[in-house]
Every structure is written in C-alpha cells, then in structure tokens.
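>>> below are the sequence and a predicted model for it; my questions follow.
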Amino acid sequence: MKIKNDFVTNSSSTSFVGWGVTCDGFSDLPEIFKKALYEKCREDYDNINFTFEEFKENLGKYDWSEYIYDVIKDTHLQARTRPYSDDVYIAIKPSNRDVQDMTINQIIKLAEKELNELGFNNGVYYMAEAWYDG
C-alpha cells in the first residue's frame, strides 16, 4: 500500500481514517475493555481502593481517556477522542508503518482480530472522521 506522506493540514483540524470501531463514550465500551482500563488506572494510582463496579459507576469523575492508549499500546490499533465529545475511535490506520505492506483485506482482518481480543465483537468498518479543534 502506498501512502502519500506530504499532505499538509491546518493545525486546528484533525482527521482520523482507518478500519475499526466507534464508541459513544465509556458506556459503549465492552466489559473486557472497561476492565483493562480499570487495571491500567489502578497501576497508576496505588492508593485507589475502589472496586471495578465502583470504577464503572463513578467514571465521570475521572479522566479515563489516557488509559485507552495504554490498553492498546501492544497492538496495531490507534485511538482518538474527539474534543468536547465522548466519542472514541479505535482503529488500524493505513498510515501505520507496521501495516503499509498489507492489503486492505489483511488490515481489516487484523483490526477484527485485535478488536475481538479487546471485547469488540460487532465487526469493523471504514471510518473517515474530521473535526475542527479551534
């Protein structure tokens, strides 16, 4: 797969293109993924003594989005959150250097495999999202 590397975008706009899933905030994430977020959060804060159920109930009090990146760091997946929104995009981007020699079908199958391991079982779709940050 060939990727154009000389594209220039306005610094106040963001785009995310890939094959993956969109989640409408924390409530839309699968239980396996929520549990992984909880474990990453506990690793950072040794003095946290709340249960997984309490974590889910009180999630609005915490900034959990940074832990998404920790959960997927050993995969080919990438994630983006939208400013002023609870939307979360998790996908394999074709610009990822590890997949540049793969066909689109191979990328889709890899995205399905890695997302299934994280509890996402509804398949993947092509996403092309863009938003203005300013």
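Everything's here; your move.
>>> dump the host helix or strand of Asp70 to CSV, restricted to CA.
If you go by DSSP states H and E, Asp70 is part of helix 65-72. The C-alpha trace of helix 65-72 is given here as CSV (Å, rounded to 0.1, in the frame of the first residue of the first chain):
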residue,chain,number,x,y,z
SER,A,65,-9.3,8.6,28.1
GLU,A,66,-5.5,8.5,28.6
TYR,A,67,-5.7,4.9,29.6
ILE,A,68,-7.2,3.8,26.2
TYR,A,69,-3.7,4.3,24.7
ASP,A,70,-2.1,2.1,27.4
VAL,A,71,-4.6,-0.7,26.8
ILE,A,72,-4.0,-0.7,23.0
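>>> my read: Ile92 touches His76, true?
Yes. Using Cβ atoms under 8 Å, Ile92 is in contact with His76, at 5.1 Å. Any C-beta I mention is one placed from the backbone N, CA and C, and that applies to glycine too.
>>> more neighbours: which of those two?
Neighbour comparison, Ile92 and His76: the larger count goes to Ile92, with 25 against 18 (by other Cβ atoms under 10 Å).
>>> please name the nearest non-neighbouring residue to that one.
Ala111 (4.4 Å; Cβ to Cβ, 6 or more residues apart in numbering).
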